[in-house]
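> build the 3D model from these lines:
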Amino acid sequence: MKDIDLGSGNAGVSISMLTGTDEDIQIPVGYAPAHSNMRRRYSLVDVDVAWKSGLLFLYLRRQQQKRDVIPPTRWLFSVIFPLVMATFGLRRKSLDTRLLVGFVLSISNFAFVACLFAFFITSSRATKFRSGVKRRFEEEFKEGGQRNWLQVLCNSGMAMQLALLYLLDVGCEERPIDFTRDYRSSWLGIGILGAFACSNGDTWASELGSVIGNKDPFLITTFQRVPRGTNGAVTPVGLVLSAVGGAVVGLSYYLVVLYSVDPHILSLSPPQWPLVVAGAFGGFTGSLLDSLLGATLQYSGVNEKTGCIVGCPGRGVRHISGSWVLDNHSVNLISSIATGLLLPRLANTFWP
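Down below sits the predicted model:
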């Protein structure tokens, strides 16, 4: 127990501590306890931190509000682009759901609509390539490759759903692929790229690979030669073209990112050229998956009267391969979904 006696004097303050012997400790006049100065410093620091935090909050809030507001130019483009696609669709009698798909993709990210545009243009050209030859072995051949709403939905439905998630989670803006600092937008972007690369790669492989060369294709499961147009049949040329078709979609995504994202942000981000490689891989993988499903779960037969390939059993139809479980639309949808889910995982692992 210590008795502390504070007194005042000219020399200072005397403190007497009774510890068995009396000791006087002289403290200079004007001495203030350290904790009082610290309290003043802490008060000033608290005010400074609160002031800076308030400014930071207002800045971030303003930036968030800017991102939440969709620019008029994007609204305009989101309306005009689907109308342009609809005009081409009306000429080819294949309008249907392209308006909705084009609107959702264009309002969320210009790179997404670039993928759609690349798929729409190149697949249409591929379908028209040597159409006279295709008419001989495809019973359901359509002049110009007209697509109904079900075909559009099965080829673009996965991408449209991911674009809606992007719009709700990220907003309407273009961002580079950066899995380290911007994981969700990068995952969704690569997923959309994978879905379109799969559809375009499979279209290139089937529409171009089936009419290039003189030899019949081989079935991917048994490697036996089968007639052209058989579900699950592949050719070396078709496999190469599937990768090229996917790379075209990846290139369209890459160019939009390169010219629409701020250069300073791009300089801080990982390289974006792997988008082309990812697109090529998505096209090749999606085409292989489509062929595997087609060879096993999709019926293929030849009409002995016409010599055309048909997708369901019937009288006068000789079975070639596959079971009558899925149709062509189901195979396209499953392949697109699987590639859209697989490619982001692989890109996250191998992105430089």
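
> low-confidence ranges, this structure, go.
1-99, 134-148 (pLDDT under 70).

> can you give me the strands for it?
Taking DSSP state E as the criterion, the chain contains strands spanning 7-8, 13-18, 22-27, 218-219, 233-234, 300-303, 309-310, 317-321.

> can you give me the helices in the stretch 251-352 of the chain?
Using DSSP state H, counting those that start in this stretch, the helices assigned to the stretch 251-352 of the chain run over residues 263-268, 274-297, 328-350.

> and the first one, which residues are buried?
The one in question is helix 263-268. Across helix 263-268, burial judged by 16 or more other C-beta atoms under 10 Å covers no residue at all. In this view, the C-beta of every residue, glycine as well, is placed from N, C-alpha and C.

> one more: the second one?
Neighbour-count burial for helix 274-297, with 16+ other C-beta under 10 Å as criterion, is recorded at 274-297.

> still on that earlier bit, closest one to residue 240 among the helices of the stretch 251-352 of the chain?
Smallest distance to residue 240 across the helices of the stretch 251-352 of the chain (C-beta to C-beta): 8.6 Å, for helix 274-297.

> which helices and strands sit right next to that closest one?
Identification of packing neighbours for helix 274-297 by 3 or more C-beta pairs under 8 Å, 6 or more residues apart in numbering; DSSP states H and E yields helix 183-209, strand 233-234, helix 236-260, helix 328-350.

> can you count the residues close to the residue nearest to residue 217 when sequence neighbours are not counted?
The shortest distance from residue 217 to any non-neighbouring residue, by C-beta to C-beta, 6 or more residues apart in numbering, is to residue 233 (3.8 Å). Counted by other C-beta atoms under 10 Å, the residues lying close to residue 233 total 28.

> residues touching residue 233, list them.
By C-beta atoms under 8 Å, 6 or more residues apart in numbering, the contact set of residue 233 is 210, 216, 217, 218, 219, 220, 226, 227, 291, 295.

> for the fifth one, which residues make a bridge with it?
It stands for residue 219. residue 233 (DSSP bridges).

> got the contact list for it?
With C-beta under 8 Å, 6+ apart, residue 219 has these contacts: 226, 230, 232, 233, 295, 321.

> re earlier: now the contacts of residue 233 in a markdown table, please, with extra columns for distance to residue 199.
A markdown table is the format used below for those (distance: C-beta to C-beta, whole Å):
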| residue | distance to residue 199 |
| --- | --- |
| 210 | 17 |
| 216 | 25 |
| 217 | 20 |
| 218 | 23 |
| 219 | 22 |
| 220 | 18 |
| 226 | 23 |
| 227 | 24 |
| 291 | 14 |
| 295 | 19 |
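
> of those residues, which is the most crowded?
Neighbour counts for the contacts of residue 233 (other C-beta under 10 Å) peak at residue 291, which has 27 neighbours.

> wait, that residue sits on residue 232?
Yes. At 4.9 Å, residue 291 counts as touching residue 232 under the criterion of C-beta atoms under 8 Å.

> now do the shared contacts for the two.
residue 220.

> quick check: residue 250 vs residue 324, distance?
35 Å (C-beta to C-beta, to the nearest Å).

> re earlier: please produce a markdown table containing the helices of the stretch 251-352 of the chain, extended by distance to residue 254.
A markdown table is the format used below for these (distance: least, C-beta to C-beta, whole Å):
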| stretch | distance to residue 254 |
| --- | --- |
| helix 263-268 | 11 |
| helix 274-297 | 4 |
| helix 328-350 | 13 |
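
> and residue 239, which of those helices is closest to it?
With C-beta to C-beta as the yardstick, what comes closest out of those is helix 274-297 (6.8 Å).

> quick one on the thing from earlier: and which of the contacts of residue 219 is nearest residue 149?
Using C-beta to C-beta, those come closest to residue 149 at residue 232, 25.8 Å.

> what's near enough to touch the closest one?
Residue 232 sits next to 219-221, 291-296, 298, 300, 321-322 when contact means C-beta under 8 Å, 6+ apart.

> try 7 Å this time
219, 220, 221, 291, 292, 294, 295, 321, 322 (C-beta atoms under 7 Å, 6 or more residues apart in numbering).

> and it, what are its phi and psi?
Here is the backbone geometry of residue 232 (degrees, to the nearest 10): phi 90, psi 0.

> how close does it get to residue 205?
Between residue 232 and residue 205 the distance is 12 Å, computed by C-beta to C-beta.

> sorry, back to before: between residue 250 and residue 324, who's got more neighbours?
Taking neighbours as other C-beta under 10 Å, residue 250 and residue 324 compare with residue 250 leading, 28 against 14.

> correct me, but the more buried one touches residue 278?
Yes. Using C-beta atoms under 7 Å, residue 250 makes contact with residue 278 at a distance of 5.7 Å.

> can you list residues touching both of these two?
residue 193.

> and the contacts of residue 232 as CSV, adding distance to residue 106?
Shown next, in CSV, are those (distance: C-beta to C-beta, whole Å):
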residue, distance to residue 106
219, 40
220, 36
221, 40
291, 32
292, 33
294, 32
295, 36
321, 40
322, 38
